[in-house]
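*Asks:* need coordinates for the following:
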Amino acid sequence: MTLLDGLALTLFLLCWLGYGPFLTLLARSSGSLNDDMTVIRRVWMTAMTHREVRLVDSQLMGHSINTASFFASTNLLLIAAVASVLFGGEAALQGFAVVGAEQVPLKLMEAKMALVLVCLARGFLDFIWSIRQLNYALALIGAAPEAHSEADRVALGEAATGVMNPALAAFSQGVRGYYFSLAAAAWLFGPIWLAAGVALTTGLLIWRQAASPAARALRNARRLLDSR
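*Replies:* Numbers count the residues shown, from 1 in each chain. Coordinates of the predicted model:
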């Protein structure tokens, strides 16, 4: 591994592992889309406790579960594809030279493919944990009794929110794995490509969290809900 490879890989690991903590700091300073959604979901779960028929809430939760299941299934297929190349022998790895990948020693090529596989595997585990937690939240919605006091409704809403927010945070981490898997795949073409890929990926994710039209709209919605 060359010095450029080492530096690009270090940058990748810093951005990949440090994005979550950075997002927390961003939420505290200027706000982020994910942080705004935690408040919106809390309002949703509190409103759910006021409804006698919670069919809409269960349908929305079912949609979230189906979406997470779709991503998990797709992720598993990608993991199988990458693993088949990684463990398919030298001929399978050298096949990337046909599409313009950098000519490097076999061990380094294995390391590049392994990085993609690790990103996908972590995302798959996040999706699985998200699905389990969403099922817990769905059960909590179904089991919520008809509360008669406002304090009980708030407490039930907080309990449901405490399950749903971590579930959808895990889903977001799983989706983020796709982004960083693409950045890791850029390493096949050289360390400069890896550095550029991770910089573009991180910049895109931060823009979507803080400055995209969706982020601005949700921030305005959060302010409206907070005022009420």
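
*Asks:* where does this structure have low pLDDT?
*Replies:* Low-confidence segments of the chain, defined by pLDDT under 70: 89-101, 147-148, 228.

*Asks:* show me where it has helices.
*Replies:* Taking DSSP state H to define them, one finds helices in the chain at 3-29, 33-48, 55-86, 90-94, 106-143, 150-185, 191-210, 213-227.

*Asks:* can you put the ones you listed in CSV and add mean neighbour count?
*Replies:* From N, CA and C alone the C-beta is placed, and that goes for glycine too. Shown next, in CSV, are the helices of the chain (neighbours: other C-beta atoms under 10 Å):
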stretch, mean neighbour count
helix 3-29, 15
helix 33-48, 19
helix 55-86, 15
helix 90-94, 13
helix 106-143, 19
helix 150-185, 19
helix 191-210, 18
helix 213-227, 13
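
*Asks:* ok, now which ones touch residue 146?
*Replies:* If a contact means C-beta atoms under 8 Å, 6 or more residues apart in numbering, then residue 146 has residue 52 as its contacts.

*Asks:* next one: it from residue 57, what distance?
*Replies:* Applying C-beta to C-beta, to the nearest Å, the value for residue 146 to residue 57 is 14 Å.

*Asks:* repeat that for residue 131.
*Replies:* Residue 131 is 18 Å from residue 57, where distance means C-beta to C-beta.
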